[in-house]
Every structure is written in C-alpha cells, then in structure tokens.
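> From the sequence below, what's the structure:
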Amino acid sequence: MFRSKSLLTASLLAVFFHAASAYADEPVEIIVISATNSPENWLQSPASIDVSWPEQAGLLIDSAQLLQGIAGLQADSRANFAQDTRLSVRGFGSRSPFGIRGIYLQQDGIPLSAPDGQGQLASVLLDNIASVEVLRGPLAVLYGNGAGAVISLQSRQYTENELTTQAALSEHHQQQQLNLALVNDQNSLQLAAKQFKTDGYRPHSEAAKDQLQINWQRRLTDTLLLNLRYDWAYDPYLQDPLSLSPQQWQENPRQTIDAAETFDTEKTVKQRQTSISLLGDGAQPFQLSIWQGERAINQRLAFPGSAITSAGGEILLNRQYYGLKSQYQFRLHNNVTAVIGGSAVKTDDRRFGFINNFGQRGDLRRDEDNTARNLDGFIRLNYQPTKATSIHGGWRYTDLAYQITDYFIEGDNPDDSGQRNYYQQAFALGINHQLNPQLAWFASAGKGFETPTLAELAYSPTDGSINLQLAASTNKQWETGLKWQSSQHRASISLFNIATSNEIIAQTSDGGRTSFANASNTDRVGAELQWYYQLSAQWRSELSGHILQAEFNDDLRAGNQLPGVAANELHWQIGFTPPLTIPLHFALHSHYRSKVYTDDENSNAAPAAIHFSASVNSQQHYQQWHFKQWLSLSNITDKDYVGAVVVNQANGRSFEPAAGRELAAGIAISYRW
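Prediction:
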C-alpha cells in the first residue's frame, strides 16, 4: 500500500513539475553531494549536509580522523590497523562486525561501496583528500542500497606544477610521502606515493602500508573533461591485537591477549583499481564512469576453525569487481531540472577457509564462489517555484542478485549453494524555503532499504546452511531543520525520526560462523547541531554534536538501546592565529562521547569519555619554495577510554582500547613552478 501511494505521488509530482509555469530567475542545482561546495547551495539544500576541508596538522593514519567533528557521524577509531574504522550515522552502520555497512561511500563520484552495501576506507590515500562531504537524512536514500547516509570524498586537484616531499614521525608511527603534479592548459598529471609503518600501541599490533595513486586529466573541449586514475595499495602485514573483555580492559587496556600470539592473528591486503571518467560541465552536465579492480585478503583469526562445519580460522579472499555509472542533468522547464542515471556493478569473490594451525595454514574448510550484481536506475527532480523556495524529489529502483556456489561439501558440512534476488525501491521528497538571505528552513521525508550482505547470507541460525530467508530491512524517515549563514557564522540544527523494519541483527555465533536474522524493528529520534563561528581575524570556533535515542521496539528487546550507538556526542574545536610575523595556527580539540552498549541486551557498555588533543602548524613561502611544519599532541591527558566496541561479540571481548597520549611532528617541502 505504501509503495502504491509513493508511486502515485511520484507520478503526480512529475506532472505537476511539467505543468508549472512560475518562473525562477536562477534555478539551483539538483541536490547531489558535488553541489555543496558553495555557501549558496548549502543554504538552499533541503537536507542535512556538511562539508569539511581537512587540514594537515597531524599524522593522518585513520579515516576516523578525517571524519571527526561532523554532526551525526560517529567515527570510532579501533587503534587497530587490521580492522577498518567503525562508522555510524544516526544508527546506520552501527552493527557492522567489519568494514562499513549502511553508509554509501564514494570517491570522485565512483563508489567505494560494493553491491551488497559493504565498504571500506582503509585503502584510500587519506592525505590526498581535499574535501569530505556527508549527506544525512531522507534524501540520502536516493543513493540506493545501504545508503543510510552518504560520505563523498573529493581528491586534491592541482592548478600548477608542484613537487612536494613530506615526512612525519611519532612515538609509534612513521610515514613518508611524495607528490608530483605537472599541469598545463589541457593536461594535468598527478602522482602520490606514501609509505607508513607502525609498531602499534599494543603488543602484536605492528603494521605497514604502501600506497600509490596516479591521476591524469585532459581537457578535451571547453566543457568536456577526461579523467583516468589508478589506485594501488599493499598492506604486507597488519597484526591484530584483538579486542578485550571489559574486565581485561579495566585491568590493563594496553594488553594483548595470548590468542593473538598463539594463532598469529594478522591480515595482508592487496588492492588495485583503474577508473576512467568522462565529465561534462556545460549547460547540461553529465558523468560517465567505468572502473575495474581487484582486492585480495589473507587473514588469520584467533581460533583454529577445525570443525568440518566451520568456515576455518584462516581466510583467503580474492575479489574482482567492475562497474559502470552514468548520469545526465537537463532542464525540463524554465524552473524544473532533472538528473537521470543508472549503474551496473558486480563483484566476484573467490573465497577459501583453512584451519589455523597456530599460525600455519591447515586443511581446507571453505571453498566458494560468491557473486553480487547490482543494476539500478534513478531520477531526481528539482522544482523552484520561487527564488526563495525549492522542492527536490527522487526515486531509485534496484535489482540486486546474489549467487553462491559451494565446492566444499563433506560429511556434516552441507551444500551452501544458492541464489537470492532483491527488488527494492527508494524515494524521497524535500523542500527548502529561505526565510531571508541568511536563514532557511528545510524538511524532507523518504523511504530507503538495506539488503543483507554476502557475509550475512552465509549461515542460517537454524541448521548452519545458507541463510537465503533473510529479507532486506527498510526504513521510513523524516527530518526538519534550520540553516543560518552569515559572514561570521554557519550553523544548522536538524530534528529527525527514523523507523526501521526487519532490522538485521546477529543471531548466533559458533565455531567462526556468525548467523543473522530479521528479528527487530527500531525507532530512532534525535537532534543534530553544527556551528562554525569566526569570532575575529584571530579566533574561530567549531561545535558539532548530536542527541540520539535509538531503541528496539519489538517484544523481546523493547526499550533496549541500539548497541554501538552513542546517545550523545559533542565535538568542539577552537583555533587561534596570533598576529605574528611568522604565521602560527593553534587548535585545541575536545571530544565527548556517552556510553555505548555492546549488545542487544544492553548487558554491558563502554563508559562515557572525554578526551583532548592540540596542534600547531606554520607555513612559509620563499619565491617558489613553500615550507610547512606541524606539531600535534593527541589524548593530552593520556586517558584510558574505549575507542570502539565490537557489537554482539559471542566471546565477550567487545572493547577496543583507544590510543594513549602521543606527540607527533611533520614537515613538508614544496617547489612550485
């Protein structure tokens, strides 16, 4: 019934747009992530969008550092390079046991999320990111499967020839990076290479990462740009010190349990990706992108996995992935513009599992081919009846197919082959009205979805076979808020409500196999605040935070808080630039997070914590030479707190300790011509 009404509404909306005759002097762009860089577009958007421009004033080793301070986005650092950063937005993504789930990721318009909704940022060259844009709320669902929010990364672009070398060092980490840019009127060639090593915060937590990015752009015409990019990453060793139980963390948060050494828990990752994009930036912008890549993972877990029904204690995965994406923006009427587009994305996983004989590879326990294929199409419309009012709407249809072929069928281990298709729709509608040139009100509503990932389909909670009965979870959400923009202020406040159905939760965990089920509905109500304030030429302040009540509403867990989600979070930063001959920029950061429950029963929680960090940086210019130095001190008070939690961990080890106090320094030298 809800689907029928939504389709009827979309049809009537399209007819209304075509029939409208009111004229708007200057229609704004469709609400897409790439349209938020200008203050005008931000103020006219009917959504909660925030943009940040990272400042290199510290060792950028974790994507959580890149994303801190954005309202509604909980970025938890595991301080463990064998595990991906844990991200959640308004509760979306909070239950992911590994990787990033429930949040759509993209870089330069190309997805970082797989067709099943799982993604990761560990292979992104973070130092080469120029801006981060985060879209929250109902309009995010227009990006498809698992788009509870959208995180869009934009790579750094150079406008002149430049050679930069930089180095950074701390008690535990060291890194070197080289950047080269060759630019003329028609071509731009950029190369970035980085090497990172650490001995870790805890025993058995050493890591090494090598990264390379080559980007070539050619201006074919005044309105046509060709972009070719190659990304390569190799992590030769990422030791895993494992999480701790609450008792172990209280005794000594810097310890590593014996199982890490006993089973030599470690991960090795290789990834490469080639992408080609054709971009039109004229009167009718468009994008056509194709990409192909490979990701190989070898990981040893903290158990042998010797049972015939186990998936093994050592994982070997080789993923081949491919994608095609296109979109085209055009004008339907004087005051109506539209974007239509679609994508086809596929992943092919060759997956093996072996017994972990105390750090040595043993007998085979898993042998599968896993394929995920996603075909979708969308339309987004923007209607501006007056200069002060704009209406945005959109619809997306997704056809997602999974195919699992099991080659390991022995004894009590069943044939886990099977296939499952999901046919889903997402739609949203939003309105923005500028009350005056500095103040705007916005509201939106929508319905989105999140399908199970391939990992969640792997095992049934009843008989250990494939879990094809899992349904997609759906969410209905609305939000409203105010935005204020002036010469010294930029602020927004949002109120939102989200109701999910068929929430996918961890059901059982046994012998290395975790099974999932559609067992719960949840309600989430909250508020978010973001405030940038330029107090004077020397002082500036940034404040962001959220209040979130996320609860189960089913019979078994009614009233329990959603695990992995902080009910309150507050981030405050103050910057100071003293009037000196040598420019110095000081910054003090503070971050508060309330307690975070670790399981559905709310039987335990990571305690609330507040921690501080500070940095100072300086830049000098001499003819064609540019110099930059920085000094940072993280966790100033050396506070013991839990950086992230592992949700519904069967062995009880749910705490991942945060890093202690650490002083870091860096220098960059550039020559521009």
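
> How about Gln573: which residues does it bridge to?
In this entry, Gln573 is beta-bridged to Glu542, His589, by DSSP bridges.

> count of neighbours near it?
19 (other C-beta atoms under 10 Å). To be clear about C-beta, it is placed using only N, CA and C from the backbone, and glycine gets the same treatment.

> got a list of what it touches?
Gln573 makes contact with Gly69, Ser541, Glu542, Leu543, Ala587, Leu588, His589, Ser590, according to C-beta atoms under 8 Å, 6 or more residues apart in numbering.

> if you set the cut-off to 10 Å instead, what comes out?
68-69, 532, 540-544, 587-591, 613, 615 (C-beta atoms under 10 Å, 6 or more residues apart in numbering).

> which among those residues gets closest to Leu224?
Of all the contacts of Gln573, Leu224 sits closest to Tyr532, with 35.7 Å by C-beta to C-beta.

> wait, isn't that closest one in contact with Ser487?
No. Here Tyr532 lies out of contact with Ser487, judged by C-beta atoms under 10 Å, at a distance of 11.7 Å.

> So for those two, which sits in the more crowded spot?
Neighbour tally, Tyr532 and Ser487, criterion other C-beta under 10 Å: the higher count belongs to Tyr532, 17 against 7.

> Which residue comes closest to Tyr158 once chain neighbours are left out?
What sits nearest to Tyr158 in space, not counting adjacent residues and going by C-beta to C-beta, 6 or more residues apart in numbering, is Ala181, at 3.6 Å.

> Show me the helices in the stretch 51-200 of the chain, by range?
63-67 (DSSP state H, counting those that start in this stretch).

> where does it have low pLDDT?
The model of the stretch 51-200 of the chain has pLDDT under 70 over residues 56-58.

> give me that answer again for 80
Confidence mapping of the stretch 51-200 of the chain against pLDDT under 80 gives the ranges 54-59, 95-99.

> now do the chain
Counting by pLDDT under 80, the chain shows low-confidence ranges at 1-41, 54-59, 95-99, 282-283, 459-465, 505-515, 519-520, 554-556.

> Can you report phi and psi for Asp116?
Per-residue torsions, Asp116: phi -80, psi 0 (degrees, to the nearest 10).

> OK, contacts around it?
Counting by C-beta under 10 Å, 6+ apart, Asp116 touches 101, 145-146, 345, 347, 370, 372, 374, 400, 402, 422, 450-457.

> Okay, and which of the residues you listed map to helices?
Using DSSP state H, the members of these that fall in helices are Leu454, Ala455, Glu456, Leu457.

> between these, which has the most around it?
Greatest neighbour count in those, by other C-beta under 10 Å, goes to Leu457: 24 neighbours.

> Spatially nearest residue to it (excluding sequence neighbours)?
Leu457 sits nearest to Asn467 (C-beta to C-beta, 6+ apart), 5.0 Å away.

> from what I can see that neighbour touches Gln507, true?
Yes. Using C-beta under 10 Å, Asn467 makes contact with Gln507 at a distance of 9.2 Å.

> got any residues that touch both of those two?
Shared contacts of Asn467 and Gln507 (C-beta under 10 Å, 6+ apart): Tyr459, Ser460, Pro461, Ser515, Phe516, Ala517.
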